[in-house]
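J.: for reference, the sequence and a predicted model appear below.
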Amino acid sequence: WTNLAVIEEYANRLGIRLDCEFYQTDWATKRTLVIADDRVPDLIWDVGGISDVNKWGADGYFLNLKDYINLMPNMQKTFEELPDLEAFVTASDGSIYGLAGVRVDLTDRLSRTYINRNWLENLNLEVPTTIDELYDMLKAFKEQDANGNGDPNDEVPMLYQSDYRAVENAIMNGFGINMGGVASPDLLWEADENGKVYLVNTSDTYKEYLKFMHKLFSEGLIEQEAYTLTSDEVTNKAQADAYGMMGCGSAPFVMANKGIEYDANWVGVAGLTSEFHSEKTAPMSSAVESGIKIAIGADTEYPEEAVKFLDYFYTEEGKLASNRGYEGVTFDFIHDEDLDFENPQMRCPEGYASDEEFRYKGATFNGIFNLYEVTAVRGALFDVPVDTLLKDSVIETYGWAALTAYANRQDGIEFIDMYPRIAYTTEEADARLTLYNDINNYLSTTKAQFFTGELDVDADWDNYVSTVEQMGLADLMAIEQGAYDRYLSVAQ
């Protein structure tokens, strides 16, 4: 670590000499001891959850960045661009004791849902644009030998498994439930136009979604081993071209354990509509990452230098430096002819197996200072003419990212924000912990039961809603509403 290229560059360019101490195991325990022993260094990374950080800050362990806000113009500019970030890191007393990272690339914030291109072509089908068309496609996948091997019974129209549930985000969106990104939480909050928070899981729209998913499961259009299949078994099936549709947090080529060129066998899908949701929308998950990435020790001898250093990582040069280092030192700009942009290509010095290994072992801190993570190529995918994304060379090079960009850039699709990332006070976090976990677990269990038919959506719905309410929903919602109101007071 002491030989990372950026350490010397920070010293030469910024006048900041970093003397680093790294912990490779049980950091959570060591972090607590460091704070308890009042040994907080000038900069501390992976600081913890926002509730804990704000408490430690109020107790005097971390510098209040609000006191130095005039020295951080680039951070302030970022707050204007992303009010969600300012709202998340601002404590209930108005202080800012640490900074969360943001990932602004749309490819990380939009749903990653893909359909087998070869199966579509084999059956002369188009990418579905409605929930009804999606059903018809899955039905055809099951009944018409979509993979073309002569066996009409070996296709699994749609992958759904405990580790691979992201496919439901795109389907929920077709019912007007604003789900994007790659996470698949069971407990779903939304807020109406008046700022009132409500639980999606007890809404009429969610009820219709459950009915649709049960229909798919009962007709064999969803992986029938959804709740018993292991991740390794999913990989084996993906390698055997058994799936017609999938959602994931990575990419089809990763799931099939193949090269990125494998993604050319897939096509993205987004903006589904239905009788319950007529608008084509692409919900974007919050750009704000959970937890606090970095904070400054309250007793640092260099408070002004430290805040200016952090502010640097909100500049264009700093954003690139945190992830790639510096031109001519760790990377070189290479012109990408297809996307017509300058791509910062990492070097690969002798002794490294790849440019990526050099990036995270020899060039940068690999995430520590990524306060604003943006990838040039991901942005270029949303800037070029949309038909450029259909080029074989683009798909074979950029794979899933190009598929995602193309799907979400279709005419009429509107990008909308999902429910934001919310910060809770220590008291709120303590009060909601058991309530949230109990209700979330119940929602997870009953969703599986509704899918498989163990529970009947119509017959058991009232009891389901009543049970959620009896488990303390009103108390949990009151906590959420208070935290959301606080978010709005800063973000708006």
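T.: Arrived safely.
J.: phi first, then psi, for residue 157.
T.: Dihedral angles phi and psi of residue 157 (degrees, to the nearest 10) take the values phi -50, psi -40.
J.: is it correct that residue 338 falls within a helix?
T.: No. Under the criterion used here (DSSP: H, G, I helix; E, B strand; the rest coil), residue 338 is coil, not part of a helix.
J.: just list the residues touching it, thanks.
T.: Contact analysis of residue 338 by Cβ atoms under 8 Å, 6 or more residues apart in numbering lists 384, 388, 391, 393-394, 397. Just so you know, the C-beta spots here come from the backbone N, C-alpha and C atoms, and that holds for glycine as well.
J.: please redo it, this time with the cut-off set to 7 Å
T.: Taking Cβ atoms under 7 Å, 6 or more residues apart in numbering as the definition of contact, the neighbours of residue 338 are 388, 391, 393-394.
J.: what's the closest non-adjacent residue to it?
T.: On the basis of Cβ to Cβ, 6 or more residues apart in numbering, the spatially nearest residue to residue 338 that is not a chain neighbour turns out to be residue 394, at 5.0 Å.
J.: hmm, the one you found is touching residue 388, no?
T.: Yes. Counting by Cβ atoms under 7 Å, a contact exists between residue 394 and residue 388, whose distance comes to 6.3 Å.
J.: just say helix, strand or coil for the residue nearest to residue 338.
T.: When states are read from three-state DSSP, the local structure at residue 394 comes out as helix.
J.: residue 394 and residue 388: which is more packed in?
T.: residue 394 (23 against 18; other Cβ atoms under 10 Å).
J.: my guess is residue 112 meets residue 402, correct?
T.: No. Between residue 112 and residue 402 there is no contact under Cβ under 7 Å: 12.0 Å.
J.: follow-up on the earlier one: let me know the closest of the contacts of residue 338 to residue 444.
T.: Nearest to residue 444 among these: residue 394, at 38.4 Å, using Cβ to Cβ.
J.: who's in contact with that closest one?
T.: For residue 394, the contact set (Cβ under 7 Å, 6+ apart) comprises 338, 388, 402.
J.: which parts of the lengthiest helix in the chain count as buried, going by neighbours?
T.: Ordering each helix of the chain by length in residues (DSSP state H) puts helix 426-452 first. Residues 426, 428-429, 431-432, 435-436, 439, 442-443, 446-452 are the ones in helix 426-452 that count as buried (16 or more other Cβ atoms under 10 Å).
J.: stretch 116-125 now?
T.: Neighbour counts over stretch 116-125 (16+ other Cβ under 10 Å) mark 116-120, 122-123, 125 as buried.
J.: what's next to that stretch, contact-wise?
T.: Outside stretch 116-125, the residues that touch it by Cβ under 7 Å, 6+ apart are 127, 137, 140-141, 144, 146-148, 243-245, 265-267.
J.: among these, which ones are in strands?
T.: With strands taken from DSSP state E, the overlap with these comprises 245, 266-267.
J.: in TSV: those, plus neighbour count.
T.: As requested, the ones in strands among the contacts of stretch 116-125 are exported to TSV (neighbours: other Cβ atoms under 10 Å):
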residue	neighbour count
245	26
266	26
267	20
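J.: save those as CSV, and put in pLDDT and distance to residue 171 too.
T.: CSV is the format used below for those (pLDDT from 0 to 100; distance: Cβ to Cβ, whole Å):
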residue, pLDDT, distance to residue 171
245, 97, 10
266, 97, 17
267, 97, 16
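J.: got JSON lines for these, with distance to residue 164 too?
T.: Shown next, in JSON lines, are the ones in strands among the contacts of stretch 116-125 (distance: Cβ to Cβ, whole Å):
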{"residue": "245", "distance to residue 164": "11"}
{"residue": "266", "distance to residue 164": "14"}
{"residue": "267", "distance to residue 164": "18"}
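J.: three-state assignment of residue 295?
T.: Applying three-state DSSP to residue 295 yields a three-state assignment of strand.
J.: contacts only, for it.
T.: Taking Cβ under 7 Å, 6+ apart as the definition of contact, the neighbours of residue 295 are 44, 47, 53, 62, 97-98.
J.: kindly recompute the last result at 8 Å.
T.: Residue 295 makes contact with 43-44, 47, 53, 57, 62-63, 97-99 under the criterion Cβ under 8 Å, 6+ apart.
J.: from the residues you listed, pick the one nearest residue 349.
T.: Comparing the contacts of residue 295 against residue 349 with Cβ to Cβ picks out residue 43 as the nearest, at 27.5 Å.
J.: backbone dihedrals for that closest one, please?
T.: Main-chain dihedrals, residue 43, degrees, to the nearest 10: phi -130, psi 140.
J.: kindly report the same for residue 90.
T.: Backbone dihedrals for residue 90, given as degrees, to the nearest 10, come out at phi -90, psi 120.
J.: what's the burial count for the residue lying closest to it once chain neighbours are set aside?
T.: Counting by Cβ to Cβ, 6+ apart, residue 490 is the residue found nearest to residue 90 once chain neighbours are left out, at 5.1 Å. Counted with other Cβ under 10 Å, residues neighbouring residue 490 total 17.
J.: would you confirm that residue 490 contacts residue 82?
T.: No. Contact status for residue 490 versus residue 82: not in contact, 11.7 Å apart, counting by Cβ atoms under 8 Å.
J.: low-confidence ranges, the stretch 151-300 of the chain, go.
T.: When residues are selected by pLDDT under 70, those of the stretch 151-300 of the chain lie in 182.
J.: now the helices for it?
T.: Per DSSP state H, counting those that start in this stretch, the stretch 151-300 of the chain has helices spanning 167-174, 204-218, 231-239, 252-255. These are given in chain order.
J.: elements contacting the longest helix of the chain?
T.: In terms of contacts (3 or more Cβ pairs under 8 Å, 6 or more residues apart in numbering; DSSP states H and E), helix 426-452 is packed against helix 50-58, helix 204-218, helix 457-470, helix 473-491.
J.: mind checking which of the ones you listed is nearest residue 180?
T.: Evaluated over these, closeness to residue 180 peaks at helix 204-218, with 15.3 Å, by Cβ to Cβ.
J.: now the closest one, how far from the centre of its chain.
T.: What separates the centre of helix 204-218 from the centre of its chain is 25 Å, taken as Cα atoms, centre = their mean, to the nearest Å.
J.: sorry, back to before: now render the contacts of stretch 116-125 as CSV, adding distance to residue 27.
T.: What follows is the contacts of stretch 116-125, written out as CSV (distance: Cβ to Cβ, whole Å):
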residue, distance to residue 27
127, 44
137, 46
140, 50
141, 46
144, 53
146, 47
147, 46
148, 51
243, 37
244, 42
245, 39
265, 40
266, 37
267, 41
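J.: and which of those is nearest residue 170?
T.: Using Cβ to Cβ, residue 245 is the member of these that lies nearest residue 170, at 9.2 Å.
J.: mind listing what the closest one touches?
T.: Neighbour list for residue 245: 113-116, 137-138, 141, 157-159, 167, 269 [criterion: Cβ under 8 Å, 6+ apart].
J.: could you point out which of those residues is nearest to residue 307?
T.: Distances from these to residue 307 were compared by Cβ to Cβ; the smallest belongs to residue 113, at 41.3 Å.
J.: and the closest one, how far from residue 13?
T.: 42 Å (Cβ to Cβ, to the nearest Å).
J.: neighbour count: the two, which is higher?
T.: Neighbours were tallied for residue 113 and for residue 13 using other Cβ under 10 Å; the higher tally belongs to residue 113 (26 against 13).
J.: the buried residues of stretch 116-125 in strands, which ones?
T.: Secondary structure assignment (DSSP E) places residue 116 from those within strands.
J.: contacts only, for the spatially closest residue to residue 446 that is not a sequence neighbour.
T.: Taking Cβ to Cβ, 6+ apart, and ignoring the residues beside it in sequence, residue 446 has residue 464 as its nearest neighbour in space, at 5.8 Å. Listed by Cβ under 8 Å, 6+ apart, the contact set of residue 464 reads 202, 446, 455.
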